[in-house]
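Novice: the sequence isn't on hand, but the structure is:
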């Protein structure tokens, strides 16, 4: 089985993910469906060969890491084909892999339905911009589009710290340094600390994972950089609370810092549409004096009400964004309810018999 040809086929079919798991034929995720690509089930011996081929495509990665730990993450590029983010793992005592397909060219924001209000964040020069959402919701893609706008519009030094690198940025008006964790640098924290000595105007931190990294990211934003990052949360309030919960008994100090450095919190989900496709839905929270005060005083539960009353400033809650899609008949009432942050309230707005 030639893995290179399978990867080329996945790109041709516009697949987002590729699955190699023993006991099943290999499969592509296209839109929201996982579609098996043959009738031939993969056997454990097939999987050993496939995993070896995947490691051969990334010569700087070591199969021994996977053999020792039972899972591994890395990425590689195929010239004229695309870039692939790889997770290899053991399951049922056999080897398996899931690959995310990342095309070389940056996506067109208009085709992805990213609002101009989000793309215009490229005009910001300082503070912290956070994009949150579940895995696979498009957080990295949204940030890549903002970075590209900055790259096109002003002379600056942009440093990205990613695990792994998903989109390759060429140098346009800006200089873009892209560092891959575990390949170009030991970890997020080391790279972030080093970035502060590398004269960046913009820092993209792939993910805020722990207290020390979050603390250093806040410091970077405090010292006049524009810092962008992601969290695996849904909703601006949940995102802020997740950051604060990381700090335990230091929350009072961090609340004060966060209230000053936060610029915008975006939360996004991909939801199924009535025509069997998917569409993104965005929550946008911008900082106002009222929201800064609510964060500082530990009253984050009041933020959604403030957002609802500040629509003129470009803010929208997740539930209002879902309800708008429902009114436009892009999604069903069931979908609006399932993906809402307050399903009981959404049921009253989108009544469905027996749901």
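Specialist: Right, received. Where do you want to start? All values derive from a computational prediction rather than experimental measurement.

Novice: so which residues of the stretch 1-150 of the chain form helices?
Specialist: Remark: helices assigned in the stretch 1-150 of the chain by DSSP state H, counting those that start in this stretch are 3-12, 44-56, 63-69, 116-119, 139-153.

Novice: so how far is the longest one from its chain's centroid?
Specialist: Put plainly, it is helix 139-153. Going by CA atoms, centre = their mean, to the nearest Å, the spacing between the C-alpha centre of helix 139-153 and its chain's C-alpha centre is 12 Å.

Novice: so which bits of that helix are buried?
Specialist: 139-151 (16 or more other CB atoms under 10 Å). No exception for glycine: its C-beta is placed from N, CA and C like everyone else's.

Novice: okay, those in JSON lines with distance to residue 20 and pLDDT next?
Specialist: Shown next, in JSON lines, are these (distance: CB to CB, whole Å; pLDDT from 0 to 100):
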{"residue": "139", "distance to residue 20": "25", "pLDDT": "95"}
{"residue": "140", "distance to residue 20": "22", "pLDDT": "91"}
{"residue": "141", "distance to residue 20": "24", "pLDDT": "92"}
{"residue": "142", "distance to residue 20": "28", "pLDDT": "96"}
{"residue": "143", "distance to residue 20": "28", "pLDDT": "97"}
{"residue": "144", "distance to residue 20": "26", "pLDDT": "96"}
{"residue": "145", "distance to residue 20": "30", "pLDDT": "97"}
{"residue": "146", "distance to residue 20": "33", "pLDDT": "98"}
{"residue": "147", "distance to residue 20": "31", "pLDDT": "97"}
{"residue": "148", "distance to residue 20": "31", "pLDDT": "97"}
{"residue": "149", "distance to residue 20": "36", "pLDDT": "97"}
{"residue": "150", "distance to residue 20": "37", "pLDDT": "98"}
{"residue": "151", "distance to residue 20": "35", "pLDDT": "98"}
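
Novice: just checking, residue 63 touches residue 52?
Specialist: Yes - Residue 63 is within contact range of residue 52, at 7.0 Å (criterion: CB atoms under 8 Å).

Novice: of the two, who's got more company?
Specialist: A direct count of neighbours by other CB atoms under 10 Å for residue 63 and residue 52 places residue 63 higher, at 15 against 12.

Novice: nearest spatial neighbour of the more buried one, skipping sequence neighbours?
Specialist: Counting by CB to CB, 6 or more residues apart in numbering, residue 55 is the residue found nearest to residue 63 once chain neighbours are left out, at 4.7 Å.

Novice: I figured the one you found was touching residue 65, is that so?
Specialist: No - Residue 55 is beyond contact range of residue 65, at 9.6 Å (criterion: CB under 8 Å).
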